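J.: structure of the sequence below:
(one chain, ligands or ions: 1)
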Amino acid sequence: MHNLNVSEIHLCQRCSRLLAYHLSGEKQVWRIGLKRSESLPGKFFHDKIVQPLHKKLASTRTRLFKAVNTICQASDHNFKIRFLEILESNFFLNFMQKHSQSLDTSDLLSIGKAFEQWCAFLSEFLLPIIQNMGDQFSLSEIFYLPEQLISQTYNPESGKSLKISGKYDAILFDTFHKEIVILECKGRDRDRSDEDITQVGLYAWLIEQKTGILPRGEILYLTGADQRYTISPTKMRDIVNQLPHMFDHTIQILDAHTNQKPIHLPRSADAQLCTECPFASHCDTEYGDVSEKTKNTDNASNNTDDKSRNTDDASPNTDDESKGIDTIINLFNMLKTPVFDAGSICGPRFIRYKIKPDHSKSVTVAKITKRAQDLQIAMNLAQPPLMQSQAGYISIDIPRKVRQPLTLGEVMRVAEDTRPNSKVAFPIGMAIDGKIVWINLNDPATPSILVGGTSGSGKSVLLRSILIAMAINAKPEELQLTLIDPKHVSFLDLSDIPHVDDDIIVDNAIAIDKLGQLVDEMESRYAAFKADQVFDINGYQEKGHQIAHHVVIIDEYADLIIDKQTKTDLETAIQRLGQKGRAAGIHLILATQRPDARVVTPLVKANLQLKVALKVTTVSNSNIIIDQPGAECLIGKGDMLIAGSMPVKRLQGPIPSKTDIDKLK
Ligand code: SF4
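T.: Numbering: from 1, shown residues only. Sure, this is the predicted structure:
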């Protein structure tokens with residue numbers, strides 16, 4: 001278990017790199033950005049005035065308590081003035097006698113002023129209670145004095161737990177509103193109110209964990225004009241709900257520190273802080289872009305085909321993750337939709353930035369996702385980035401300037417351990433987090449596939465990759481392929497692999513005829529299964545029968561539709577194969593570069609379970625394939641969204657190399 005106190009978490013909020021420096025023993029971190037705005041000695045005021053005064057008011061035996069209690073019960077019209085007089089005569093004069101010799105004049109003046117403000121706040125706090133409750137309250141209940149040092153443990157579902165401790169300034173109980181109030185005094189003005197709010201939120205979290213009650217917050221700024229800031233319980237709930245993200249982030253930093261591993265940490269969002277930071281000259285070297293360096297090193301040793309590395313249309317210099325997140329956070333702050341940094345993942349083609357809306361400022365997902373064009377301009381992108389709500393965050397995918405090659409052979413090699421035990425399984429692509437996603441046509445959720453994407457989207461490469469991956473892992477007697485290619489060019493070099501059952505079909509009539517034959521084949525397989533009392537091809541094979549899976553791949557389905565009759569015939573065959581093909585071991589992969597409603601009819605769509613959207617030109621094209629927008633934001637060349645029988649995922653498809661094809665011949 002890790003241990004941190006509230007100040008350390010607070011430091012992490014200012015700049016997570018400063019927390020990392022603190023963990024390595026750097027003491028200077030506490031001095032950065034903490035210049036007093038005025039001459040009030042904050043800690044001294046807290047220790048010598050706030051704490052003793054609060055204690056005296058909480059104890060029924062003190063002279064001060066008795067005097068204040070008397071004016072409270074008397075409903076004095078001059079309550080505020082009387083309250084100040086009592087506190088001055090019963091407390092402040094004693095304080096002055098004790099400390100006036102040791103303090104200089106400016107300190108004494110600022111302490112006197114702060115004391116008045118402190119008293120004014122307390123009387124304002126008491127007045128509504130007195131006015132509304134008459135004598136039905138007890139002063140000792142208001143100046144509640146529980147333990148000041150409090151600690152609780154944050155236990156995330158995964159990973160190490162974090163023990164958090166903190167010492168709050170004071171707690172009051174608002175007996176009229178029946179609210180616990182956590183009070184924080186600041187010996188400065190409201191120049192860093194976001195940090196102060198989070199600090200009070202941390203104390204509120206600790207108190208809620210311990211008592212089950214979420215307090216209200218009051219921050220009192222003892223210098224400057226804008227002195228009191230109230231955080232209602234509703235607002236506090238929003239703040240507290242955001243804290244687990246911060247705790248997770250600090251756990252990552254603590255884990256990296258404990259294991260002495262490099263970690264990438266974003267720069268502080270406060271550019272002013274960096275101007276006075278002694279680590280400014282080297283913090284980028286130590287905590288910037290580690291994942292990038294690591295991945296480059298890892299991949300350099302594994303990848304064989306460096307030709308696919310390119311920098312063509314990824315125009316911006318977006319590979320610096322820390323700069324990227326700074327740009328994103330700053331933009332949303334400027335647009336008055338503040339967000340939190342929730343981490344990033346560096347994939348082969350994209351950096352996925354994760355952000356969380358600041359719900360305490362009423363920022364919603366919709367307000368953020370409609371800013372894609374603003375991000376396009378801010379990050380100098382060729383097109384608006386894809387932004388999607390995910391579990392616990394919003395993802396923003398930014399193309400990398402330098403892309404990592406992704407060859408089919410390499411993908412199959414690294415993902416061999418996770419390959420499904422099936423003759424019709426293939427790796428469809430790599431997710432942004434680097435995980436390879438396999439599709440198994442023998443799985444009832446994904447027996448047939450619809451692929452849509454414009455010219456240049458990587459559609460034909462994807463089809464080739466699918467068929468080559470399956471053929472590498474299956475003998476011709478286990479897998480038969482029918483290739484239909486009205487364009488004549490997609491599978492030219494694959495015509496002589498032994499798995500292809502016939503010549504590549506380029507003619508509409510032959511294609512329709514072939515689909516009809518496969519429907520008949522499917523029916524005869526069902527008859528054979530019935531005779532052998534098995535349900536499907538798996539059961540039939542288990543009984544010792546040699547029977548191959550049969551996969552039909554159609555590249556450019558739209559070109560097969562020449563009239564209404566062929567369309568009807570094709571749709572009838574697709575419907576029958578889509579509905580009953582899986583059990584018989586017959587599967588359909590249908591691709592089109594015209595994913596419009598005329599080509600991809602509801603009948604076609606309903607019978608092809610897995611949907612793959614490559615880059616398309618319009619939102620409506622994306623809606624037709626995956627029932628949601630997004631594919632219009634893809635960048636082409638194998639960048640895809642898969643959906644349908646599984647949650648939407650963004651993947652990068654691999655490229656089959658000549659070496660992969662040669663393995664089949
Ligand atoms: S220079 Fe800025 S980003 Fe770097 S450690 Fe200091 S405050 Fe953090």
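J.: could you measure from S100 over to E88?
T.: Applying CB to CB, to the nearest Å, the value for S100 to E88 is 14 Å. No exception for glycine: its C-beta is placed from N, CA and C like everyone else's.
J.: so between those two, which is more surrounded?
T.: E88 (16 against 12; other CB atoms under 10 Å).
J.: did I read that right, the more buried one in a strand?
T.: No: counting by DSSP: H, G, I helix; E, B strand; the rest coil, E88 is not part of a strand but helix.
J.: contacts only, for it.
T.: C119 (CB atoms under 8 Å, 6 or more residues apart in numbering).
J.: could I get the pLDDT score of it?
T.: We have a pLDDT of 88 for E88.
J.: ok, it to C119 distance?
T.: In terms of CB to CB, E88 sits 8 Å off from C119.
J.: can you check H282 too?
T.: Counting by CB to CB, the gap from H282 to C119 is 48 Å.
J.: who has more neighbours, these two?
T.: C119 (20 against 10).
J.: which element is the more buried one on?
T.: In this structure, C119 is located in helix 105-133 according to DSSP states H and E.
J.: over to L467?
T.: Applying DSSP H and E as the criterion places L467 in helix 459-472.
J.: avg pLDDT for the helix or strand following that helix?
T.: Per DSSP H and E, helix 459-472 leads on to strand 479-484 as the next helix or strand towards the C-terminus. For strand 479-484, the mean pLDDT works out to 94.
J.: show me where the stretch 51-200 of the chain dips below the pLDDT cut-off.
T.: Applying pLDDT under 70 to the stretch 51-200 of the chain picks out residues 75-76, 145-147, 157-159, 189-193.
J.: which parts of it are helices?
T.: In the stretch 51-200 of the chain, the helices defined using DSSP state H, counting those that start in this stretch lie at 51-58, 63-73, 79-87, 93-99, 105-133, 139-142, 193-211.
J.: can you give the distance of the shortest one from its chain's centre?
T.: This points to helix 139-142. Offset of helix 139-142 from its chain centre (CA atoms, centre = their mean, to the nearest Å): 45 Å.
J.: list the contacts of it.
T.: Outside helix 139-142, the residues touching it (CB under 8 Å, 6+ apart) are 57-60, 65, 68-69, 72, 125-126, 129, 172-175.
J.: for the helices of the stretch 51-200 of the chain, give me JSON lines that also has distance to D639.
T.: What follows is the helices of the stretch 51-200 of the chain, written out as JSON lines (distance: least, CB to CB, whole Å):
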{"stretch": "helix 51-58", "distance to D639": "60"}
{"stretch": "helix 63-73", "distance to D639": "69"}
{"stretch": "helix 79-87", "distance to D639": "66"}
{"stretch": "helix 93-99", "distance to D639": "68"}
{"stretch": "helix 105-133", "distance to D639": "57"}
{"stretch": "helix 139-142", "distance to D639": "61"}
{"stretch": "helix 193-211", "distance to D639": "36"}
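J.: tell me which of those sits nearest to P384.
T.: Closest to P384 of these is helix 193-211 (CB to CB; 28.5 Å).
J.: what is that closest one packed up against?
T.: Where contact means 3 or more CB pairs under 8 Å, 6 or more residues apart in numbering; DSSP states H and E, helix 193-211 is packed against helix 6-14, strand 149-154, strand 162-167, strand 179-186, strand 216-221, strand 228-231, helix 233-258.
J.: can I get these in TSV including mean neighbour count and distance to the ligand?
T.: TSV is the format used below for these (neighbours: other CB atoms under 10 Å; distance: least, CB to the nearest ligand atom, whole Å):
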stretch	mean neighbour count	distance to the ligand
helix 6-14	20	7
strand 149-154	16	24
strand 162-167	18	21
strand 179-186	21	21
strand 216-221	22	23
strand 228-231	16	25
helix 233-258	18	13
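J.: distance to F83 for these - can I get that in TSV?
T.: What follows is the helices and strands packed on helix 193-211, written out as TSV (distance: least, CB to CB, whole Å):
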stretch	distance to F83
helix 6-14	31
strand 149-154	29
strand 162-167	27
strand 179-186	17
strand 216-221	16
strand 228-231	16
helix 233-258	26
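J.: who wins for proximity to S490 among those?
T.: Here helix 233-258 is closest among these (CB to CB), at 45.3 Å.
J.: so which residues make contact with the next helix or strand after that closest one?
T.: Using DSSP H and E, the next helix or strand after helix 233-258 towards the C-terminus is helix 271-275. By CB under 8 Å, 6+ apart, the list of residues contacting helix 271-275 from outside reads 14-15, 32-33, 267-268, 280.
J.: quickly name whichever of these is closest to L590.
T.: Closest to L590, out of all of the contacts of helix 271-275 and judged by CB to CB, is R267, at 47.8 Å.
J.: how close does the closest one get to R14?
T.: 11 Å.
J.: now do Y21
T.: 12 Å.
J.: could I get the helices of the stretch 51-200 of the chain as TSV with distance to the ligand?
T.: Below are these laid out as TSV (distance: least, CB to the nearest ligand atom, whole Å):
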stretch	distance to the ligand
helix 51-58	31
helix 63-73	44
helix 79-87	40
helix 93-99	36
helix 105-133	28
helix 139-142	40
helix 193-211	13
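J.: please name the nearest non-neighbouring residue to F121.
T.: L220 (5.3 Å; CB to CB, 6 or more residues apart in numbering).
J.: try P357
T.: In space, P357 is closest to V363, 4.0 Å off (CB to CB, 6+ apart).
J.: do D248 as well
T.: Closest to D248 by CB to CB, 6+ apart is P156, at 6.1 Å.
J.: so the one you found sits against F247, correct?
T.: Yes: with contact defined as CB atoms under 8 Å, P156 reaches F247; the gap is 7.2 Å.
J.: find residues that contact each of the two.
T.: By CB under 8 Å, 6+ apart, the residues touching both P156 and F247 are L162.
J.: ok, now which ones touch F79?
T.: 71-72, 123, 126-127, 130.
J.: go again using 10 Å as the cut-off
T.: 71-72, 123, 126-127, 130-131 (CB atoms under 10 Å, 6 or more residues apart in numbering).
J.: report how many residues lie close to the spatially closest residue to I130 that is not a sequence neighbour.
T.: In this structure, I130 finds its nearest non-sequential neighbour in C72, 5.5 Å apart by CB to CB, 6+ apart. Residues lying near C72 (other CB under 10 Å) number 23.
J.: what about V411, distance to L577?
T.: For V411, the distance to L577 - CB to CB - is 28 Å.
J.: pull the helix or strand with minimum mean pLDDT from the protein.
T.: helix 290-302 (a mean of 38; mean pLDDT, DSSP states H and E).
J.: tell me the contacts of S524?
T.: Here S524 is in contact with A584 (CB under 10 Å, 6+ apart).
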